[in-house]
Every structure is written in C-alpha cells, then in structure tokens.
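Peer 1: Structure of the sequence below:
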Amino acid sequence: MYSTYMGKTVTVNLDEAVEKKFREKAMLKYGNRKGSLAKALNEALEQWLKSDGKDVLSENLRLLDTGIEMKKWVFKREDLYE
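Peer 2: Residues are numbered from 1 along each chain as shown. Prediction:
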C-alpha cells in the first residue's frame, strides 16, 4: 500500500477538527514516529481514489445484503440481528 520512496510535498488547509482527529487516528495506527502522518494520509488518499466516487456506506450495505465471507463464516445482515 504505502511505498517507502520519497514523495511529493503538498500543502493543504484542513478544518481544525478534521486535522486533529486525523492526527490522533494516524498516531494510534502508526505510532508517533517520523513519517506516520504521511503513511496515514497516503493510505486515506489511496482508499478514496479506489472508491472511484462510490458511496462507501452504500457499498457496505450492499455487502451486508449479499453476504460477507470471513474465512469459513458467511454473514448476512439478517444473521447479525439474530
């Protein structure tokens, strides 16, 4: 997912609350090390680009309706409510 080569520096303006939450999540996942924020941002941007404009909630609901295979178990929405 995240490559180790040096990338491009991009300056952006973020909403303060969004920036704070993003930094907190990045630190929880990657720790408080140099490059952890860049890793998290690359991951988030790659995920957004892969979504190709799809509504993530709609896609997740579709998966629940059709079933999700998790190793040997298959769950459908009805199973989760039992």
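Peer 1: burial count for the closest residue to residue 25 other than its chain neighbours?
Peer 2: Ranked by C-beta to C-beta, 6 or more residues apart in numbering and with sequence neighbours excluded, the top spatial neighbour of residue 25 is residue 40, at 6.9 Å. Backbone N, C-alpha and C define where each C-beta goes, glycine included. Around residue 40 there are 19 other residues, counting by other C-beta atoms under 10 Å.
Peer 1: Secondary structure element holding residue 40?
Peer 2: Taking DSSP states H and E as the criterion, the element that holds residue 40 is helix 36-51.
Peer 1: Could you do residue 33 as well?
Peer 2: Using DSSP H and E, residue 33 falls outside every helix and strand.
Peer 1: which regions of the protein lie under the pLDDT threshold?
Peer 2: 1-6, 52-54, 67-77, 79-82 (pLDDT under 70).
Peer 1: where do the strands sit along it?
Peer 2: For the chain, the strands defined by DSSP state E cover 68-70, 73-75.
Peer 1: Give me the contacts around stretch 34-46.
Peer 2: Residues outside stretch 34-46 that contact it (C-beta atoms under 8 Å, 6 or more residues apart in numbering) are 1-2, 7, 22-23, 25-27, 29-30.
Peer 1: Would you mind measuring from the residue nearest to residue 25 to residue 48?
Peer 2: 13 Å (C-beta to C-beta, to the nearest Å).
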